[in-house]
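Q: Requesting a structural model of the entry that follows:
(2 chains)
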Amino acid sequence: MQFKAEHISFRYTDKSPLILEDVSLTIEAGERVGIVGPSGCGKSTFAKIMAGYQKPVKGQILIDDVPMERKVFCPVQMIYQHPELAVNPRWKMKKTLNECFEPDEYLLEQMGIEKAWLNRWPSELSGGELQRFCIARILAPQTKLLICDEITTMLDVITQAQIWKMLLEIADERKMSMAIITHNQALAEKVCTRIVRISD
Amino acid sequence: MSESILKVNNLVVGFSMYQPRSFHKTTLQVIHSLSLEVNKGEILAVVGSSGSGKSILAHAVLNLLPKNAVVGGEVLYKGQTITKKREKELFGREIAFIPQSIDYLDPVMKVGKQVEGVFGTSKRKEELFNQYKLPIDTSNKYPFQLSGGMARRILICGALMGNPELIIADEPTPGLSLDIAMETLQHFRTFADNGTGVLMITHDIDLALNVADKVAVFYAGSIIEIAPTQDFIKGKDALRHPYSKALIDALPQNEFVPILGTQPYAGDLPSGCLFAKRCKYRNENCVGRQEERELRGGKVRCINAV
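A: Numbering: from 1, shown residues only, chains lettered A, B, ... in the order given. Just a heads-up that it's a prediction; the model follows:
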């Protein structure tokens, strides 16, 4: 799948200044693009637009040259920085995991999710364990582009390396593309195939 | 011998909670007899596994734990326990706290007012905003209008408003770009050089090594190693505990290779070494409880470490 963001401009209200102005980005199948830039420059806003959560003021998102459809499974999925805020605290992990599709045994094994965790509440798991669930639950076969917004900054370096190792294996296997937002230069150089910079 | 600012002796923290489908309460112990010391003019970096109790340590010192927490041991600030009365005098003036999450900002108060707090001045605020490259109109914004990195800088400015003698920083750098993160840490260093003690909890080991004096490594609620920063810079061979060595290997600028497995759950801890299940040097000595011992100018909880 080819993903294209064309001439995106965005502001939060009519009066506020433009956060993004004429930003374009093309991601080919299997590419892993790092998005870097100073804090407050609009990286996360751009990520939300890419995933269809925000409507741009100008510009459009094209998937294989067709505008992104609504009300179908979105091939662009997003993983957030704070896994503990991205899961329902009153659902057991099993329900969270199976919310949008039922991941098979193979995927759970690949993600290093243990059976015993499925019957726990989110508060009984660590950030790294929760992040595995947040990733597994959106790795449906229809997912073609994964947006990773600082997904391992809150995790210790061993868990960080574990999660990236799994993600890269799965991405290679499925020819899935990724957009990776990070402030960690060394990490970006290790995992990305191309790095783009958003300036102020 | 330098003067101690913060001393934690045999701290134990547990959370009292109900067993599933029963009226019986049990206590889930998450920090086990933990001792550490921060001296005047010293930066102690605390690193380690996510969910190992690093933030709970900070919250225990600042009396921020929820009601169901059961706390044992003692916390001494300048040699004295922090009583309710002293708390009022110290917190926000002599003791500054940078919380981990930007949720700690009041969502319905403009951030300028939050930074000034009760004891601050607008002059000092402008100074700090300049230093942290925050546009001056940021003062009039609400937290939801800021990006993650900007909100993080607001938290830092708020903490540095006064002239703290002890700074407790819980993950001050995520979401910040490299230059601002480095500047923040240099700022801590300047404070420390003027006599402030800094307890800095962080996952950015590589950044922390630039400014810290000592590094404490946490795993499953215990400190498994305390080492001078120099040992971390020298690389894994200078370190003592196998987990610390694994941390170094997992850094993206090094091998980027993780060890397998996860930290044991607090309700289901092994009786012997907490790390044994994942350790490649495991042998019959690891079954017993691992006591802290001195080794090469640091401390370690591993019977096999040399």
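Q: Can you pull up the residues of chain A that come close to chain B?
A: Counting by CB under 8 Å from any CB of the partner chain, the residues of chain A lying close to chain B are A:12, A:37-42, A:44, A:81-82, A:112, A:124-129, A:150, A:153-162, A:164-165, A:183-187, A:189-191. For the C-beta atoms, the positions are set from N, CA and C on the backbone; glycine is no exception.
Q: Can you go through these and name the buried ones?
A: A:37-42, A:44, A:81-82, A:112, A:124-129, A:150, A:153-162, A:164-165, A:183-184, A:187, A:190-191 (16 or more other CB atoms under 10 Å in any protein chain shown).
Q: for the residue in the stretch 51-200 of chain B that chain A sits nearest to, helix, strand, or coil?
A: Across the stretch 51-200 of chain B, the shortest distance to chain A (CB to the nearest CB) belongs to residue B:149, at 2.3 Å. Three-state assignment for residue B:149 (DSSP: H, G, I helix; E, B strand; the rest coil): helix.
Q: which ones are touching the residue of chain A found nearest chain B?
A: Proximity of chain A to chain B (CB to the nearest CB) peaks at residue A:39, 2.3 Å away. Residue A:39 makes contact with A:183, B:147-150, B:152-153, B:175-177, B:180, according to CB atoms under 8 Å, 6 or more residues apart in numbering or on different chains.
Q: try 7 Å
A: Contacts for residue A:39 were tallied using CB atoms under 7 Å, 6 or more residues apart in numbering or on different chains; they are B:147-150, B:175-177, B:180.
Q: One more: residue B:204?
A: residue B:173.
Q: Now the closest residue to residue B:66 other than its chain neighbours: phi and psi?
A: Distances taken as CB to CB, 6 or more residues apart in numbering or on different chains place residue B:15 nearest to residue B:66, at 7.7 Å, with adjacent residues excluded. With angles defined as degrees, to the nearest 10, residue B:15 sits at phi -120, psi 130.
Q: is it fair to say residue B:199 lies in a strand?
A: Yes - with three-state DSSP as the criterion, residue B:199 is assigned to a strand.
Q: Now whichever strand or helix holds residue B:86: buried residues?
A: According to DSSP states H and E, residue B:86 maps onto helix B:84-90. By 16+ other CB under 10 Å, the buried positions in helix B:84-90 come out as residue B:90.
Q: neighbouring contacts of it?
A: For helix B:84-90, using CB under 7 Å, 6+ apart, the contacting residues are B:63, B:77, B:82.
Q: Just the CA trace of that helix, in PDB.
A: Output of helix B:84-90 as PDB, limited to C-alpha atoms (Å, rounded to 0.1, in the frame of the first residue of the first chain):
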ATOM      1  CA  LYS B  84       3.000  17.100  58.500                       C
ATOM      2  CA  LYS B  85       4.100  20.500  59.800                       C
ATOM      3  CA  ARG B  86       7.500  20.500  58.100                       C
ATOM      4  CA  GLU B  87       5.900  19.300  54.900                       C
ATOM      5  CA  LYS B  88       4.100  22.600  54.600                       C
ATOM      6  CA  GLU B  89       7.300  24.600  55.100                       C
ATOM      7  CA  LEU B  90       9.400  22.400  52.800                       C
END
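Q: what is the mean pLDDT for that helix?
A: Averaged across helix B:84-90, the pLDDT comes to 89.
Q: after that helix comes which helix or strand?
A: Immediately after helix B:84-90, counting by DSSP H and E, sits strand B:95-98.
Q: For the helix or strand that that next one is followed by, which outside residues touch it?
A: Using DSSP H and E, the helix or strand that follows strand B:95-98 in sequence is helix B:111-116. Here helix B:111-116 makes contact (CB under 7 Å, 6+ apart) with B:105-106, B:122, B:125, B:138-141, B:143, B:146, B:154, B:157-158, B:161.
Q: could you dump these to TSV with secondary structure, distance to residue A:64 and pLDDT?
A: Below are the contacts of helix B:111-116 laid out as TSV (DSSP: H, G, I helix; E, B strand; the rest coil; distance: CB to CB, whole Å; pLDDT from 0 to 100):
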residue	secondary structure	distance to residue A:64	pLDDT
B:105	coil	42	92
B:106	coil	45	93
B:122	helix	54	89
B:125	helix	51	92
B:138	helix	41	92
B:139	helix	46	92
B:140	helix	44	93
B:141	coil	39	93
B:143	helix	39	92
B:146	coil	36	89
B:154	helix	42	93
B:157	helix	46	92
B:158	helix	48	91
B:161	coil	53	88
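Q: related to what we said a few turns ago, now the closest residue to the residue of chain A closest to chain B other than its chain neighbours: how far from residue B:177?
A: Take residue A:39 and drop its neighbours on the chain: the residue closest to it by CB to CB, 6+ apart is residue B:149, 2.3 Å away. Using CB to CB, to the nearest Å, we find residue B:149 at a distance of 7 Å from residue B:177.
Q: Looking at these two, which has the bigger crowd around it?
A: Neighbour comparison, residue B:149 and residue B:177: the larger count goes to residue B:149, with 24 against 19 (by other CB atoms under 10 Å in any protein chain shown).
Q: Next, the contact list for the more buried one, please.
A: A:39-40, B:175-177.
Q: 6 Å instead?
A: A:39-40, B:175-176 (CB atoms under 6 Å, 6 or more residues apart in numbering or on different chains).
Q: Going by neighbour count, which of the contacts of helix B:111-116 are buried?
A: Using 16+ other CB under 10 Å as the burial test, the contacts of helix B:111-116 include B:105, B:125, B:138-139, B:141, B:143, B:146, B:154, B:157-158, B:161 as buried.
Q: ok, and of these, which contact chain A?
A: Counting by CB under 6 Å from any CB of the partner chain, the subset of the buried ones among the contacts of helix B:111-116 that neighbours chain A is empty.
Q: of all those, which comes closest to residue B:262?
A: Residue B:262 lies nearest to residue B:105 out of those, by CB to CB, at 31.6 Å.
Q: Apart from its chain neighbours, what residue comes closest to the closest one?
A: Once flanking residues are discounted, residue B:105 sits nearest to residue B:143: 4.3 Å by CB to CB, 6+ apart.
Q: Then residue B:215?
A: Spatial nearest neighbour of residue B:215, excluding adjacent residues (CB to CB, 6+ apart): residue B:45 at 4.8 Å.
Q: Look at that neighbour and report its pLDDT.
A: pLDDT, residue B:45: 96.
Q: In a helix, it, correct?
A: No - counting by three-state DSSP, residue B:45 falls outside a helix, being strand.
Q: Distance of it relative to residue B:153?
A: 20 Å.
Q: what about those two, which has more around it?
A: residue B:153 (29 against 25).
Q: which non-adjacent residue is nearest the more buried one?
A: Distances taken as CB to CB, 6+ apart place residue B:132 nearest to residue B:153, at 4.6 Å, with adjacent residues excluded.
Q: now residue A:71, what's its secondary structure?
A: The assignment at residue A:71 comes out as coil when based on three-state DSSP.
Q: biggest helix in chain A, by residue count?
A: helix A:157-174 (DSSP state H).
Q: quick one: contacts of it?
A: For helix A:157-174, the surrounding residues in contact (CB under 6 Å, 6+ apart) are A:111, A:128, A:152, A:178, A:191, B:50, B:246-247, B:250-251, B:256, B:258.
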